[in-house]
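Trainee: next input, structure requested:
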Amino acid sequence: GVDKTAGAEAGLELLYGGMGSALLLAIIQNKGAGVLEIMNLIQVFADVLSYLRLYALGLAGAMMSATFNQIGAEVSFVAGMLIILIGHTVNIVLSIMGGVIHGLRLNFLEWYHYSFEGGGKLFNPLRRLSAE
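Mentor: Residues are numbered from 1 along each chain as shown. Sure, this is the predicted structure:
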């Protein structure tokens, strides 16, 4: 068999070699414009990382619910039920708001520049109008 470390090293060498070859070929074919492709690659990576925010929101909601459950179990029955009911209601409302707001923000800010082409009038609310 193949040693796992040697296989991983060979895979990384192939990965880096392929990325380098693709970049070099893009530079040659586009007469130097391929250097800008590195910036596009970094931008795509940053956009994908922005979606980790949704994961973090889900994880925070799970931790909040576990905390409310733990606090509710340590107090009296009536107080515990009240803490659990109010806590989970707040958690659900925050989760819905966070998911919608961050999802819209990601779609509008992170992905619109890949496909949206504006064609309307420039919005300039502070322009000076002349009275004629």
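Trainee: what's the neighbour count on Val48?
Mentor: 10 (other Cβ atoms under 10 Å). In this view, the C-beta of every residue, glycine as well, is placed from N, C-alpha and C.
Trainee: how near is it to Tyr112?
Mentor: 15 Å (Cβ to Cβ, to the nearest Å).
Trainee: which residue ranges make up each domain of this structure?
Mentor: What automatic domain parsing lists as the domains of the chain is 1-43, 51-115.
Trainee: avg pLDDT for the first one?
Mentor: When you say that, I think you mean domain 1-43. Taken as a whole, domain 1-43 carries a mean pLDDT of 81.
Trainee: then stretch 99-119?
Mentor: Mean pLDDT, stretch 99-119: 81.
Trainee: end-to-end on that stretch?
Mentor: Stretch 99-119 has its terminal residues 30 Å apart, counting by Cα to Cα, to the nearest Å.
Trainee: which parts of it are buried?
Mentor: In terms of neighbour count (16 or more other Cβ atoms under 10 Å), stretch 99-119 has its buried residues at His102, Glu110.
Trainee: which residues are contacting that stretch?
Mentor: Residues outside stretch 99-119 that contact it (Cβ atoms under 8 Å, 6 or more residues apart in numbering) are Asp47, Ser50, Tyr51, Arg53, Leu54, Leu57.
Trainee: can you lay out the residues you listed as JSON lines showing distance to Gly72, pLDDT and neighbour count?
Mentor: Formatted as JSON lines, the contacts of stretch 99-119 follow (distance: Cβ to Cβ, whole Å; pLDDT from 0 to 100; neighbours: other Cβ atoms under 10 Å):
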{"residue": "Asp47", "distance to Gly72": "39", "pLDDT": "78", "neighbour count": "15"}
{"residue": "Ser50", "distance to Gly72": "34", "pLDDT": "80", "neighbour count": "15"}
{"residue": "Tyr51", "distance to Gly72": "32", "pLDDT": "80", "neighbour count": "13"}
{"residue": "Arg53", "distance to Gly72": "28", "pLDDT": "83", "neighbour count": "14"}
{"residue": "Leu54", "distance to Gly72": "27", "pLDDT": "83", "neighbour count": "14"}
{"residue": "Leu57", "distance to Gly72": "22", "pLDDT": "88", "neighbour count": "18"}
